[in-house]
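Asker: Predicted structure and sequence below. I'll ask about it afterward.
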Amino acid sequence: MTDDKIDGAALDGVAATCLWTLRNRAEESMHPGSAFHDPLAERLYGRIDYDYERFGKPNQTHPLRALALDVAIRAYLDLHPAATVVALGEGLQTTYWRLGRPGVDWLSVDLPPVIDLRRRLLPREPRMAAVPASALDRTWMDALDPARGVFISAEGLFMYFERDQVMSLIAECAARFPGGRLFFDSIPTWFRNRTMKGYRMSARYTAPPMPFSLPVSEAARLPAQIPGVATAEDLQPPPGRKAWRSRTLRKIAALPGPRDLRPSITLLSFAAHHGR
Ligand SMILES: C[S@@+](CC[C@H](N)C(=O)[O-])C[C@H]1O[C@@H](n2cnc3c(N)ncnc32)[C@H](O)[C@@H]1O
């Protein structure tokens with residue numbers, strides 16, 4: 001990692017959204033009193049010249065989601081130490097370094113301009129490989145050994161896909177990686193509808209359309225709908241600061257009505273063996 005500044009304007013469309021989530025993690029990491037610490041994200045943020053203000057004010061959604069992912073990966077690696085972690089739509093995540101498990105095999109999958117930026121800006125690691133292609137193009141699956149265990153993350157990705165694309169991707173992951181896990185997050189349907197009309201995050205930025213939403217109650221039905229999906233867990237992010245700490249709000253967020261109106265994080269586990 002050198003110290004030259006890189007122009008983030010090389011990313012556009014959905015690829016540019018990784019600068020939004022990076023900004024939110026880095027700002028949270030720099031915030032006094034935060035439980036989220038990611039010095040590499042802070043450095044990366046400082047290295048990329050970009051009009052970050054266009055994303056509006058930073059918030060805690062993305063750092064807390066990242067902490068939830070850290071917990072889920074650690075739990076899986078404790079059971080399957082030889083497993084590979086696959087980060088679909090990895091953007092400028094620095095999860096590998098935050099985990100502090102340098103021995104884990106890691107596969108990054110993202111669009112070519114994003115993988116190029118990762119190569120230029122992040123430290124090279126012998127256990128890390130990258131596939132510069134769409135997550136919907138199944139070639140990344142061929143690089144994995146299912147017998148060793150596979151943990152797939154898709155942070156901030158599925159909302160940009162169509163429903164059929166998400167469902168068939170989940171089904172194929174369940175079929176090809178028995179005993180594996182899939183971590184993904186979703187937006188509620190009211191928010192999906194807003195993005196489809198053009199959601200302005202600031203005067204200078206409109207978020208890309210997000211056609212896929214999945215309310216918590218629907219995510220709970222995935223095991224009954226997709227062969228090989230054994231369980232679906234609704235993960236609450238760890239407590240953050242201020243409103244993100246409130247026990248009352250967390251209790252409300254778990255109630256049957258309100259839970260379908262908030263963003264969600266789902267952890268699927270795949271059956272060890274299943275017939276198709
Ligand atoms: C909101 S960003 C999230 C980035 C990262 N996961 C994070 O949480 O910071 C969405 C990411 O999905 C990537 N992406 C969009 N479509 C993709 C596709 N078809 N295949 C792989 N990655 C894709 C974008 O390039 C971008 O990095």
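Answerer: In hand now; what should we look at?
Asker: which SSE is Arg23 in?
Answerer: helix 17-30 (DSSP states H and E).
Asker: Kindly state the pLDDT recorded for the nearest residue to Trp20 once chain neighbours are set aside?
Answerer: Of all residues beyond its chain neighbours, the one nearest Trp20 is Phe55 (4.4 Å), with distances taken as CB to CB, 6 or more residues apart in numbering. Placement of C-beta: from N, CA and C, glycine included. Note for Phe55: predicted pLDDT of 98.
Asker: same deal with Asp3?
Answerer: In the prediction, the pLDDT value recorded for Asp3 is 67.
Asker: Which residues does the helix holding Arg23 contact?
Answerer: Surrounding helix 17-30, the residues in contact under the criterion CB atoms under 8 Å, 6 or more residues apart in numbering are 8, 11, 34, 36-39, 41-42, 44-46, 48, 50, 52, 55, 58-63, 66, 91-94, 110, 114, 155-156, 160, 201, 207-208.
Asker: returning to what we had before: counting neighbours, what do you get for the residue nearest to Trp20?
Answerer: Phe55 sits with 21 neighbouring residues when counted by other CB atoms under 10 Å.
Asker: Give me the distance between it and Pro215.
Answerer: Phe55 sits at a distance of 25 Å from Pro215 (criterion: CB to CB, to the nearest Å).
Asker: Can you give me every residue that contacts Thr84?
Answerer: When contacts are counted by CB under 8 Å, 6+ apart, Thr84 touches 104-107, 144-145, 148-151.
Asker: Most neighbours among these, which one is it?
Answerer: If you rank the contacts of Thr84 by neighbour count (other CB under 10 Å), Val150 sits at the top with 26 neighbours.
Asker: okay but that residue is in contact with Ala174, surely?
Answerer: No - using CB atoms under 8 Å, Val150 makes no contact with Ala174, being 10.9 Å away.
Asker: any shared contact partners between those two?
Answerer: Common neighbours of Val150 and Ala174 are listed as Gly180 (criterion: CB under 8 Å, 6+ apart).
Asker: Check which residues of the helix holding Arg23 are buried.
Answerer: For helix 17-30, a neighbour-count test (16 or more other CB atoms under 10 Å) marks 17-30 as buried.
Asker: Downstream of that helix, the next helix or strand is which one?
Answerer: On the C-terminal side of helix 17-30, the closest following helix or strand by DSSP H and E is helix 39-47.
Asker: if I look at Ile226, how far off is the ligand?
Answerer: As for Ile226, its distance to the ligand is 20 Å (criterion: CB to the nearest ligand atom, to the nearest Å).
Asker: quick one: contacts for the residue lying closest to that residue once chain neighbours are set aside?
Answerer: Computed as CB to CB, 6+ apart, the closest residue to Ile226 that is not its neighbour in sequence is Ala171, at 5.1 Å. Residues touching Ala171, when contacts are defined by CB under 8 Å, 6+ apart, comprise 226-228.
Asker: Going by neighbour count, which of the residues you listed comes out on top?
Answerer: When neighbours are taken as other CB under 10 Å, the top entry among those is Gly228 (23 neighbours).
Asker: any idea how far the residue lying closest to Ser29 once chain neighbours are set aside lies from the ligand?
Answerer: If the residues on either side of it in the chain are set aside, Ser29 comes closest to Asp38, at 4.4 Å by CB to CB, 6+ apart. Remark: distance between Asp38 and the ligand (CB to the nearest ligand atom) = 11 Å.
Asker: Sounds good, over and out.
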